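The following comprises the amino acid sequence and a computationally predicted model.
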Amino acid sequence: MATVYYEQDVKTNALEGKKIAVLGYGSQGGAHSKNLRDNGNDVIIGIRPGSSADRAKEDGFEVLDVPEAVKAADIIMVLLPDEIQGDIYKDQIEPNLEAGNALAFAHGFNIHFEIIEPKEDVDVFMVAPKGPGHLVRREFENGSGVPALFAVYQDATGNARDIAMSWANQVGGGRVGFLETDFKEETETDLFGEQAVLCGGTTHLVQAGFETLVDAGYQPEIAYFEVLHELKLIVDLMYEGGMDHMRKSISNTAEYGDYVSGPRVVTEDTKTNMKAILDDIQSGKFAKDFRADYENGFENFESMRKEQRGHQIEEVGETLREMMPFVKENAVDTDN
Ligand code: NDP
Ligand code: MG
Ligand code: MG
């Protein structure tokens, strides 16, 4: 079993007296920088001019361009989109790193797949909160936190693990628990989770159910409620108490149907396909394809995005959500 660490396990604050630069002020960047500043740390933002830079200034941060921020800082946390980190590292970060600096990430992608090959004289660590940035910030403001993973890839100074643990603790992980991993495990499991289950699996399951009902002649609005809207209630119950807790709150009819029909949807073939997805992640094929598409102007990415945005479930959903103000009240602005 993995050891879970809490606030009291972090005896010294290894961030004390250090200048911290957070590169990027998007989902994760905003959350890490604000939570660390609220803990009394000296945080600046390194970013290009634009809407994120404006937001960081409005939030009271000193904002520099990336090379200047790297130069000024002892600890550099890279919270830029994964696909651009390699180029930015080469052109703007590496030339300004000093021996004994610490280079940090919230996802192991670029280090694990060797897109970034860090200089040997710097610490390299990761702190990956297991949630989107707005939750990392909101839970912190509520006096709680989001569980986090931390890992050390390279320990040049002998302090890398202490720095990583202090960061994981102060970003909010210490209040709810944080776990140690390595770059390989975090990268491969994170990619697999989002592809096979959380994002890819769920969206395509919901769409297939919607299409099955609509093709059979049922009203799209009814189909939307049955396969998308109600999903949140079920997931909330699983989140709170696991499968059994969820199954206790649904009807016996629903629970019986769960047991007899679930295995007809998710079959041995599904698991064979999941294993193939994991193989592509482990071999580096997924990372290579993603990078190749990025270098090709994300042609394939944009065309898949466009196709998905045009799905009928999106149109129906937009109309129905207008009728449900309670859904919109809690909506998160994901457009930054
Ligand atoms: P976002 O896309 O939300 O934010 C990226 C930031 O980088 C923006 O502020 C953007 O500014 C800035 N940026 C983009 N291009 C450049 C550039 N060329 N030079 C300088 N700044 C630039 O990213 P995320 O927060 O989602 O992801 C950051 C990291 O965190 C990734 O490694 C990701 O895997 C990881 N992560 C993300 C999670 C999430 O839930 N989102 C969860 C856990 C880890 P601008 O407004 O100018 O474009
Ligand atoms: Mg991810
Ligand atoms: Mg029902």
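Thanks, I have the structure now. Ligands and ions are numbered 1, 2, ... in the order given.

Report how many residues lie close to residue 61.
Residue neighbour count, defined by other C-beta atoms under 10 Å, stands at 20 for residue 61. To be clear about C-beta, it is placed using only N, CA and C from the backbone, and glycine gets the same treatment.

ok, now which ones touch it?
With contacts defined as C-beta atoms under 8 Å, 6 or more residues apart in numbering, the neighbours of residue 61 are 25, 33, 37, 43-45.

could you say which helix or strand contains whichever residue of the stretch 101-250 of the chain sits closest to ligand 2?
Scanning the stretch 101-250 of the chain for proximity to ligand 2 using C-beta to the ion identifies residue 190 as nearest, at 4.5 Å. Element membership for residue 190, per DSSP states H and E: helix 183-192.

Any idea how far that helix is from the middle of the chain?
Between the mean C-alpha point of helix 183-192 and the mean C-alpha point of its chain there is a distance of 12 Å (C-alpha atoms, centre = their mean, to the nearest Å).

list the buried ones in it?
183, 186-188, 190-192 (16 or more other C-beta atoms under 10 Å).

Reformat these into a markdown table and put distance to residue 83 and pLDDT next to each item.
Shown next, in a markdown table, are the buried residues of helix 183-192 (distance: C-beta to C-beta, whole Å; pLDDT from 0 to 100):
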| residue | distance to residue 83 | pLDDT |
| --- | --- | --- |
| 183 | 18 | 98 |
| 186 | 18 | 97 |
| 187 | 14 | 97 |
| 188 | 18 | 98 |
| 190 | 15 | 96 |
| 191 | 13 | 98 |
| 192 | 19 | 98 |
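
Name the nearest of these relative to residue 7.
Distance to residue 7 across the buried residues of helix 183-192 (C-beta to C-beta) is lowest for residue 186, with 21.9 Å.

wait, what's in contact with the closest one?
The contact partners of residue 186, by C-beta under 8 Å, 6+ apart, come to 107-108, 126, 128, 149, 151.

do you know how far it is from ligand 1?
Distance, residue 186 to ligand 1, by C-beta to the nearest ligand atom, to the nearest Å: 10 Å.

Okay, now the unreliable bits of the stretch 201-336 of the chain?
Counting by pLDDT under 70, the ranges of the stretch 201-336 of the chain that qualify are 329-330, 332-336.

all strands of it, in order?
The residue ranges that make up strands in the stretch 201-336 of the chain, judged by DSSP state E, counting those that start in this stretch, are empty, as it has none.

Around ligand 1, which positions in it sit nearby?
Residues of the stretch 201-336 of the chain found near ligand 1 (C-beta under 6 Å from any ligand atom): none.

rewinding a little: of all the contacts of residue 61, which two lie farthest apart?
Greatest spatial distance among the contacts of residue 61 (C-beta to C-beta): 25 and 37, at 12.3 Å.

How about residue 213, nearest residue that isn't a chain neighbour?
In space, not counting the residues next to it along the chain, residue 213 is nearest to residue 223; the distance is 3.9 Å by C-beta to C-beta, 6 or more residues apart in numbering.

repeat for residue 170
When the adjacent residues along the chain are set aside, residue 170 lies closest to residue 39, with 4.5 Å between them (C-beta to C-beta, 6+ apart).

number of nearby residues for the one you found?
Summarising burial for residue 39: neighbours were counted as other C-beta under 10 Å, giving 17.

next one: residue 50
Here the number of neighbours of residue 50 (other C-beta under 10 Å) works out to 9.

all helices of the stretch 1-150 of the chain, in order?
Counting by DSSP state H, counting those that start in this stretch, the stretch 1-150 of the chain has helices at residues 27-38, 51-58, 66-72, 82-88, 109-112, 133-141.

Briefly note if the second one comes near ligand 1.
This means helix 51-58. Yes. Applying C-beta under 6 Å from any ligand atom, one finds helix 51-58 touching ligand 1 at 51-52.

Make residue 1 into 39 and carry on from there
Noted, 39 is the first residue going forward, which turns the last one into helix 89-96.

Could you measure from residue 64 over to residue 52?
When C-beta to C-beta, to the nearest Å is the yardstick, residue 64 and residue 52 sit 26 Å from each other.

More neighbours: these two, which one.
More crowded of residue 64 and residue 52, by other C-beta under 10 Å: residue 52, with 20 against 16.

Correct me if wrong: the more buried one contacts residue 206.
No. Residue 52 is not in contact with residue 206 according to C-beta atoms under 8 Å; the separation is 11.0 Å.

mind checking how far stretch 275-292 is from the chain centre?
For stretch 275-292, the distance from its own C-alpha centre to the chain's C-alpha centre is 26 Å (C-alpha atoms, centre = their mean).
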